[in-house]
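**Q** Quick one, structure for this:
(chains A and B)
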Amino acid sequence: MTAENKQAELNVVGHSVPRRDGLGHVKGATVYYEDRQFNDMLYLKMVRSPVAHGRLKGIDFSEAEKVRGFVTALTHKDVPNNIYTILRLIGVGPDDEPVLAEDRVRWKGEAIAAILAETVEAAQRAASLVKLDIEEVEAVFDVEEALKPGAPIIADTGVNYFIYENEMDHRQVRLGDVEKAFQEADYIVESRFQSSPIEHAPTETTGCIVVPEADGRYTVYTNTQALFFSLDNAGITLDLPFEKMHFVGGTSGGGFGGKVDVIVEPIAILAAMKTGRPVKFKYSRPEEMTISSPRGAWRLYYKDGVMKDGRIIARKVTTYADSGAYNRHTPYAVTKHAANAAGPYNIPNVAIDAYCVYTNKAPSSAMRGFAVTMSTWAIEQQMDKIAEVVGLDPWAIRFINAYKDGDMKPHHKVVEDATLIEVMQAAAEMAGVDLPQEYKEMSSMQEVSHG
Amino acid sequence: MAAEIVSFMLNGRETVVVTNPLETLQSVLRDRLGYMATKSGCSQGGCGSCTVLVNGEPMVSCLLPAKDIEGQEVTTLEGLTKSGAGEIHPIQQAFYDNFAMQCGYCTPGMIMVSKALIDRAQRAGTHPTHDEIAEAISGNVCRCTGYQSIFEAISDASHRISGHEWSGGRDIGGKTK
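**A** As a prediction, this is how the structure comes out:
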């Protein structure tokens, strides 16, 4: 099929399609979860850990209970299965994060107790008056420090890294022999990259309203990006049959991956179950910025063996994902990362070692291409550096090494439907760059010999 | 502390509310009156999602004590929908046509500051310049669009209102007459 034929049959690609919800947005008529009002609604505020790492010895609610409007408080003892089920639901596991802290706190901001009150102000005031008996212990904030012998241990498994398939301390990818290739290379190019955590900062903060219905069900109005994932997680955490919950969502004031952590719904449903009243749990703006999971910070080391003609013959990658205090989606992300950490290039010898590391920071999680975004960010800087070392144009170094259909990827999968060359050709044209003829004529389809 | 009675014009209607001392206009609009187009992204004056017009000037309703609007005219996005020519106001239509929104949460605030900006420019016989638009929306955070489509929507709207042809994209600023 030719490109023209394809174009003729397409009804959406290449056409401007009005947003389905656009008119509601410009009229101010779109209903976000928080635009619903319910009589008798309670407000939930979290009591959070003031320290990054500590032993939780006691919680004293006596002063909080005196606040006018205080209704009740929930602790881990109230949660039927006190664990989030993010990993089990994506087939990774095991899960590690309590809904409310039990005897330890592992990051500054970890949820310890939920306060329910008649107004937001009363809930906030009561939460601030809860006395916590916490013995602070040494914390670790750096991924490589966390892996050194003697580092404070964060996870219950006794090690500061996620254990894959019950035995592996990290993800490994091997193709060819990098050490041998380094001996043969004309140049060795090494780099260290460190990214920062990034907060999605949606204009609408994370939240939900849970309403107990007369038929015994709970209606959950939420801005989650993962409606059924959130429902499943809440059902398992609360021992609540799935049909007892009706999740209403699909309208979110910005997410970017920041609203897939299924964090607010279980405790709000539990609060509605305990009180029999509608409950609203909305992150304040400071909570959104400091408590909600960011894109994790990554540390990446690249060592490349390069020939004078620009060919990369060996790439050794060692990376550390900062998962924060718990897993959330990071173990899955590291797997995805390991498969992509050499980039879209045809390199015959590759060694990738990718670690999912715990530190005493806010748990990190999904954000727009997470895990692959950070390796791409590092790789493309490395490619520019290689071009400089070899004395080639940055475009040239990429065309020379671009992978094509039929090449072998580091994780032993054959490249199919490669488009890097065509994308670069289009990008050059848009940027007004006149590429040398040989790159203009290059194709992702391998030349087949007709001998 | 005693409750206070505040009367004001809301989208052209006389409105009377009983408020707590220091209660904000945002809380009055959303919680007491159910006008939900006015959003609540930060409640600390930082995101602009709660912007309304008070006597035609944009203000963040989350920082505005309700009693300060006694006797004033308040316009929310709901009011714009009602008073616009045809079903919706040309600014709303321009935001829709130019894809100047994605999640929609900043949109009410963006449209309200645009209204004040375009009204001011119209009085001066000009279309808002790029710098004037940047200044006007500097207090309104949009995390989806990257702002370019919002610049275009505002320019488009200004042209529609003065009956001018808008040539699109970078056609920003200029005179209305």
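
**Q** which ones are touching the residue nearest to B:Leu29 when sequence neighbours are not counted?
**A** The shortest distance from B:Leu29 to any non-neighbouring residue, by C-beta to C-beta, 6 or more residues apart in numbering or on different chains, is to B:Tyr35 (4.4 Å). Heads up, the C-betas are built off the backbone N, CA and C, glycines and all. Contact partners of B:Tyr35, counting by C-beta atoms under 8 Å, 6 or more residues apart in numbering or on different chains, are B:Leu10, B:Leu29, B:Thr76, B:Glu78.

**Q** surely the third one meets B:Ala37?
**A** Yes. Under the criterion of C-beta atoms under 8 Å, B:Thr76 makes contact with B:Ala37 at 5.6 Å.

**Q** For the closest residue to A:Leu74 other than its chain neighbours, grab the count of nearby residues.
**A** Sequence neighbours aside, A:Ala114 is the residue nearest to A:Leu74 in space, at 4.3 Å (criterion: C-beta to C-beta, 6+ apart). For A:Ala114, the count of nearby residues is 26 (other C-beta atoms under 10 Å in any protein chain shown).

**Q** go on, A:Arg55?
**A** Around A:Arg55 there are 13 other residues, counting by other C-beta under 10 Å.

**Q** quick one, phi/psi of A:Met41?
**A** Backbone torsions for A:Met41, taken as degrees, to the nearest 10, come to phi -70, psi 140.

**Q** which ones are touching the nearest residue to it once chain neighbours are set aside?
**A** Nearest residue to A:Met41, sequence neighbours excluded (C-beta to C-beta, 6+ apart): A:Pro278, at 4.3 Å. The neighbours of A:Pro278, taking C-beta under 8 Å, 6+ apart as the test, are A:Phe38, A:Asn39, A:Asp40, A:Met41, A:Leu42, A:Ile209, A:Val210, A:Val211, A:Pro212, A:Ala272.

**Q** okay, A:Pro278: pLDDT?
**A** You'll see A:Pro278 listed with a pLDDT of 98.

**Q** how close does it sit to A:Leu100?
**A** Distance of A:Pro278 to A:Leu100, given as C-beta to C-beta, to the nearest Å: 21 Å.

**Q** how about the residue nearest to A:Leu74, secondary structure?
**A** strand (DSSP: H, G, I helix; E, B strand; the rest coil).

**Q** isn't it right next to A:Val79, touching?
**A** No. With contact defined as C-beta under 8 Å, A:Ala114 does not count as touching A:Val79 (9.5 Å).

**Q** Common neighbours of those two, please.
**A** Joint contacts of A:Ala114 and A:Val79 (C-beta under 8 Å, 6+ apart) are A:Leu100, A:Ile267, A:Leu270.

**Q** What is the nearest of those residues to B:Lys115?
**A** Using C-beta to C-beta, A:Ile267 comes nearest to B:Lys115 of the shared contacts of A:Ala114 and A:Val79, at 40.4 Å.

**Q** wait, isn't that closest one in contact with A:Val99?
**A** Yes. Under the criterion of C-beta under 8 Å, A:Ile267 makes contact with A:Val99 at 5.8 Å.

**Q** intersection of neighbour lists for the two?
**A** A:Val79, A:Ala111.

**Q** Alongside chain A, which residues does chain B contribute?
**A** Residues of chain B lying close to chain A (C-beta under 8 Å from any C-beta of the partner chain) are B:30-31, B:34, B:36-44, B:46-47, B:49, B:76-78, B:81, B:88, B:92-93, B:95-96, B:99, B:101-108, B:111, B:141-144.

**Q** Centroid-nearest residue for the chain?
**A** This is for chain A. A:Ala366 (1.9 Å; C-alpha atoms, centre = their mean).

**Q** Chain B is the one I meant
**A** Centre-nearest of chain B using C-alpha atoms, centre = their mean is B:Met112, 0.9 Å out.

**Q** Surely that one is in a helix?
**A** Yes. B:Met112 sits within a helix when classified using three-state DSSP.

**Q** Which elements pack onto the host helix or strand of B:Val74?
**A** Using DSSP states H and E, B:Val74 maps to strand B:73-75. Using 3 or more C-beta pairs under 8 Å, 6 or more residues apart in numbering or on different chains; DSSP states H and E as the contact test, the elements touching strand B:73-75 are strand B:4-10, strand B:51-54.

**Q** Which parts of the helix or strand that that strand is followed by count as buried, going by neighbours?
**A** As assigned by DSSP H and E, the chain's next helix or strand after strand B:73-75 is helix B:77-83. Under the neighbour-count criterion of 16 or more other C-beta atoms under 10 Å in any protein chain shown, helix B:77-83 has B:Leu77, B:Glu78, B:Gly79, B:Leu80, B:Thr81 buried.

**Q** wait, B:Ala157 sits on B:Ile111?
**A** No. Counting by C-beta under 8 Å, B:Ile111 is not a contact partner of B:Ala157; they are 9.0 Å apart.

**Q** So for those two, which residues contact both of them?
**A** B:Ile91, B:Phe95.

**Q** In which helix or strand does B:Val18 reside?
**A** Going by DSSP H and E, B:Val18 is part of strand B:13-19.

**Q** Closest one to chain A out of the contacts of B:Tyr35, please.
**A** The shortest gap between chain A and any of these belongs to B:Glu78, at 5.8 Å (C-beta to the nearest C-beta).

**Q** Give me the nearest residue to that closest one, chain neighbours excluded.
**A** B:Ala37 (5.2 Å).

**Q** ditto for B:Lys175
**A** B:Thr126 (5.4 Å).

**Q** tally of neighbours for that neighbour?
**A** Other residues close to B:Thr126 by other C-beta under 10 Å number 17.

**Q** what do you get for the one 3 residues further on?
**A** For B:Thr129, the tally of surrounding residues (other C-beta under 10 Å) stands at 14.

**Q** does it really touch B:Ser158, like I thought?
**A** No. Using C-beta under 8 Å, B:Thr129 makes no contact with B:Ser158, being 10.4 Å away.

**Q** hey, what's the closest residue to B:Met112 other than its chain neighbours bridged with?
**A** Once flanking residues are discounted, B:Met112 sits nearest to B:Thr51: 4.7 Å by C-beta to C-beta, 6+ apart. In this entry, B:Thr51 is beta-bridged to B:Val60, by DSSP bridges.

**Q** For B:Thr51, give its distance to B:Gly34.
**A** For B:Thr51, the distance to B:Gly34 - C-beta to C-beta - is 18 Å.

**Q** out of the two, which sits in the busier spot?
**A** A count of neighbours by other C-beta under 10 Å puts B:Thr51 above the other of B:Thr51 and B:Gly34, at 28 against 11.

**Q** OK, contacts around that one?
**A** Shown in contact with B:Thr51 (C-beta under 8 Å, 6+ apart): B:Thr38, B:Pro58, B:Met59, B:Val60, B:Ser61, B:Pro108, B:Gly109, B:Met112, B:Val113, B:Gly139, B:Asn140.

**Q** burial of the residue nearest to B:Glu78, as a residue count?
**A** Counted by other C-beta under 10 Å, the residues lying close to B:Ala37 total 25.

**Q** swap in A:Val12?
**A** The burial count for A:Val12: 7, using other C-beta under 10 Å.

**Q** What strand or helix carries it?
**A** Going by DSSP H and E, A:Val12 is not in any helix or strand.

**Q** what about it, distance to A:Val211?
**A** Following C-beta to C-beta, the distance that separates A:Val12 from A:Val211 is 37 Å.

**Q** And for A:Asp232?
**A** For A:Asp232 relative to A:Val211 (C-beta to C-beta), the value is 20 Å.
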